[in-house]
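> Below are the sequence and a predicted model; questions follow.
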Amino acid sequence: MSATRTRAITHEREVRAFNGWGMLFFNLAVLLGGAALLALTIGSAAVGELTPGSVVFRVIASALVMALAGLLLAGHFTLQPNEARVLILFGSYKGSVRSSGFHWANPFYSRNRGHSPAPAGSSGETPVKTALARLSGGHALSSKLSLRAHNFNSDKLKVNDKRGNPVEIAAVVVWRVEDTAQAAFDVDDYESYVHVQSESAIRSIASLYAYDHGEEEEMTLRGGGDEVSRALEVELGARLAKAGVVVDEARITHLAYAPEIAPAMLRRQQAEAIIAARRAIVLGAVSMVDMALRDLDEKNVVKLDDERKAAMVSNLMVVLCGTSETSPVINTGTLYT
């Protein structure tokens, strides 16, 4: 039996780096001290004040001091507002710096956090470029991460809705990095992860709702609006939490039937609209006829028997429900002659 391994989740530890300006002055002083020692050694050796052994020792010491100063100078880095850097020392995560400004940290901290997966190649890339990208292991991922809000506009995706009708859907997702350690170490490339998972979530949500109202009164993609957006945010939040990413907003930007069924669905919508309009006209006409008969009876304008009431109802319904103008006909006789 094989034991199931649980994946360890990396959590962010915020640390503070040294002030970059103070360390810059110190490093420059070390560098100038090494250069001064070298100059004094050369001058003293020129006038014969030092033995050959002392000259060699001082030259080596001054070279080491200047090399140390050069190494220390490599530890300087800057962070802009809403930017962070993860500190990695020989593969070990030491913390994240979030404060903006000019900083200094151990120069042995890695400048990148690995490489992104090699691309599979696209139609615009030559086989040679694709092969070189795979051999190089993809592009290097910087140890600096942006904490700003990002917009991701998905492509138009063709999916089947709840009733199996193919629809085209696209959405915009506003997201940002919340946990730098998770974003840097729990996924290969968090930006690529956001794009792939966002499209997967959009497909999943689209399959849970019908495009528009059918036989039942239910939530739909076209009429759901805010409810569908909230469901998409919840779905995205659950998927992107693994990468330390939070979703600020998610909204559908494009929704339409797929081209192959769009004409048929348009005719169906037109038929439903005509039926709904006819239903409203008939209900209004019935209420108006009922009101007219009631008023005539209450005000004793005319006494109508059942046959005359039926004729009046028929005429009024024709006038009120007809789609063209009616022409009045004067009856000079009676219903009984």
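Everything's here; your move.
> my read is Arg251 is in a helix, agree?
No - if the criterion is DSSP: H, G, I helix; E, B strand; the rest coil, then Arg251 is strand and not within a helix.
> Quick check: it touching Val228?
No - applying Cβ atoms under 8 Å as the test, Arg251 and Val228 come out as separate, 9.0 Å apart. The C-beta positions use only the backbone N, C-alpha and C, and glycine is treated the same way.
> remind me, longest helix of the chain?
helix 262-298 (DSSP state H).
> ranges for the strands of the stretch 101-250 of the chain?
101-104, 112-115, 140-142, 144-146, 150-153, 157-160, 166-177, 245-257 (DSSP state E, counting those that start in this stretch).
> Serialize those strands to JSON lines and add fields for distance to Val30 and mean pLDDT.
Output for those, formatted as JSON lines (distance: least, Cβ to Cβ, whole Å; pLDDT from 0 to 100):
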{"stretch": "strand 101-104", "distance to Val30": "13", "mean pLDDT": "93"}
{"stretch": "strand 112-115", "distance to Val30": "27", "mean pLDDT": "78"}
{"stretch": "strand 140-142", "distance to Val30": "28", "mean pLDDT": "82"}
{"stretch": "strand 144-146", "distance to Val30": "27", "mean pLDDT": "92"}
{"stretch": "strand 150-153", "distance to Val30": "41", "mean pLDDT": "92"}
{"stretch": "strand 157-160", "distance to Val30": "58", "mean pLDDT": "88"}
{"stretch": "strand 166-177", "distance to Val30": "36", "mean pLDDT": "91"}
{"stretch": "strand 245-257", "distance to Val30": "42", "mean pLDDT": "89"}
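> Reformat those strands as CSV; add distance to Tyr193 and mean neighbour count.
Listed next are the strands of the stretch 101-250 of the chain as CSV, based on distance: least, Cβ to Cβ, whole Å; neighbours: other Cβ atoms under 10 Å:
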stretch, distance to Tyr193, mean neighbour count
strand 101-104, 28, 17
strand 112-115, 14, 16
strand 140-142, 12, 14
strand 144-146, 13, 19
strand 150-153, 11, 13
strand 157-160, 18, 15
strand 166-177, 11, 20
strand 245-257, 8, 18
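> Would you convert those strands into TSV that also reports distance to Ser44?
Below are the strands of the stretch 101-250 of the chain laid out as TSV (distance: least, Cβ to Cβ, whole Å):
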stretch	distance to Ser44
strand 101-104	34
strand 112-115	45
strand 140-142	47
strand 144-146	46
strand 150-153	61
strand 157-160	77
strand 166-177	57
strand 245-257	62
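> between those strands, which gets nearest to Lys303?
When these are compared by Cβ to Cβ, strand 245-257 sits nearest Lys303, at 57.6 Å.
> Just want the angle from that closest one to strand 166-177.
Following axes from the mean of the first three to the mean of the last three Cα atoms, to 10 degrees, one obtains 160 degrees for the angle between strand 245-257 and strand 166-177.
> Note down every partner strand of strand 245-257 and its orientation.
strand 166-177 (antiparallel) (DSSP bridges).
> And the contacts of stretch 199-210?
Applying Cβ atoms under 8 Å, 6 or more residues apart in numbering, the external contacts of stretch 199-210 come out as 154-155, 157, 159-163, 165, 167, 169-171, 218-221, 224, 228, 231-232, 235-236, 239.
> rewinding a little: so after the longest helix of the chain, what's the next helix or strand?
helix 306-321 (DSSP states H and E).
> thinking again about what came up before, so which of the contacts of stretch 199-210 belong to helices?
Using DSSP H, those in helices are Leu221, Gly224, Val228, Ala231, Leu232, Glu235, Leu236, Arg239.
> top of the residues you listed by neighbour count?
Leu236 (27 neighbours; other Cβ atoms under 10 Å).
> shaky segments in this protein?
Residues of the chain meeting the criterion pLDDT under 70: 1-8, 116-138, 213-217, 259-272, 301-302, 305-306, 320, 322-337.
> Where do the domain boundaries of it fall?
18-113, 149-260, 263-321 (automatic domain parsing).
> which parts of stretch 284-291 are buried?
Neighbour counts over stretch 284-291 (16 or more other Cβ atoms under 10 Å) mark Ala285, Val289 as buried.
> what's the burial count for Asp186?
With other Cβ under 10 Å as criterion, Asp186 counts 19.
> do Arg13 as well
Residues near Arg13, counting by other Cβ under 10 Å: 13.
> Return the residues in contact with the nearest residue to it once chain neighbours are set aside.
In this structure, Arg13 finds its nearest non-sequential neighbour in Gly95, 4.4 Å apart by Cβ to Cβ, 6 or more residues apart in numbering. By Cβ under 8 Å, 6+ apart, Gly95 lies in contact with Glu12, Arg13, Glu14, Val15, Val86, Leu87.
> Now, those residues that are in helices?
Among those, no member falls in helices (DSSP H).
> Show me how to select, in ChimeraX, the buried members of the residues you listed.
Typed into ChimeraX, the next command selects the buried ones out of those (criterion: 16+ other Cβ under 10 Å):
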select :12,86,87
